[in-house]
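[1] Okay, sequence plus prediction incoming.
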Amino acid sequence: MKIIMLGAPGAGKGTQAKMIASKYGIPHISTGDIFRANIKAGTELGKKAKEYMDKGLLVPDELVVDLIMDRFKEDDAKNGYVLDGFPRTIPQAEALDAALSKAGEAVDYAINVEVPDENIVNRMSGRRACVGCGATYHVVYNAPKTEGVCDTCGEKLILRDDDKPETVLNRLSVYHEQTQPLIDYYTKKGIAKEVDGTQDMNKVFDDIVAILG
Ligand code: AP5
């Protein structure tokens, strides 16, 4: 099963993608996580990506597409995957379709987690991310057992650099301009499905499972 998660920054794509990956036994592939791992490791790719990410801008398509195509070649991706944060532009979606159709494959579902802009800034300022394993929490909606400490690996929880309110507003406008058109793109292909992302996260997941079967 090949699934794409769509939705504004902070809509809950990562939260739901991890739950889907665990239930259906497919890998969760997040381009944001891959970039953050590269930034942490100080790679050339990480240095280039950070310049864009810190401003709330998209990393150029040419840096993203090759990276994700390489990731698909890994063994765990043979039976499908849930993509979180890719594609994010029409050229990225076209590159994905072209690569899949060469192999006689296609995306099965594009799930749009719909959350209005006014809820987003509040969600992002409360998000905390683990510096060790990348797990995400929310200080109110999904709090860790001990404040500031990851339940899974015990490392420190931080506010992401790009979760500051002024950067979040920029990410939202980039989302509306460059990523939201993908909803139409996948609607025309007949595979777009919308869920209400303002509900409790377990209810959002139930709605997704009802779609995926
Ligand atoms: P990326 O890491 O993909 O960030 P994003 O799309 O902006 O999404 P987020 O991770 O911020 O949010 P999310 O929807 O996953 O929400 P989450 O589940 O954490 O990308 C970062 C940057 O990398 C981009 O800005 C860009 O520069 C670059 N990049 C990445 N991919 C790229 C690409 N393909 N092309 C170009 N550039 C790229 O939830 C948010 C918070 O809300 C959490 O605290 C969570 O606990 C809480 N929450 C979740 N669900 C609920 C709920 N139902 N109710 C209440 N709280 C909830």
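    Okay, I see it.
[2] wait, what's in contact with the residue of the chain found nearest the ligand?
    The ligand sits closest to G32 of the chain, with a gap of 1.9 Å, by C-beta to the nearest ligand atom. All C-beta atoms are positioned from the backbone trio N, CA, C, and that covers glycine. With contact taken as C-beta atoms under 8 Å, 6 or more residues apart in numbering, G32 is in contact with 14, 84-85.
[3] now do L57
    170, 174.
[4] give me the element it is part of.
    Using DSSP states H and E, L57 sits within no helix or strand.
[5] And it, its phi and psi?
    Backbone dihedrals for L57, given as degrees, to the nearest 10, come out at phi -100, psi 160.
[6] can you start the count at 15 instead of 1 from here on
    Understood, numbering begins at 15; the last thing we discussed is L71.
[7] Check what pLDDT it gets.
    Note for L71: predicted pLDDT of 97.
[8] and what of K207?
    Model confidence at K207, given as pLDDT, is 98.
[9] give me the number of residues near the nearest residue to it once chain neighbours are set aside?
    Leaving aside its chain neighbours, K207 sits nearest to I225 (4.8 Å; criterion: C-beta to C-beta, 6 or more residues apart in numbering). Under the neighbour criterion other C-beta atoms under 10 Å, I225 is assigned a count of 12.
[10] I225 contacts A124, doesn't it?
    No - the pair formed by I225 and A124 falls short of the contact definition of C-beta atoms under 8 Å, at 10.7 Å.
[11] Which residues are in contact with each of these two?
    K207.
[12] so the residue of the chain closest to the ligand is in which element?
    Counting by DSSP H and E, G46 is found in helix 45-55.
[13] Can you verify the residue nearest to K207 is assigned to a helix?
    Yes - membership of I225 in a helix is supported by DSSP: H, G, I helix; E, B strand; the rest coil.
[14] Just say helix, strand or coil for Q192.
    Bear in mind the rule, three-state DSSP; under it Q192 is helix.
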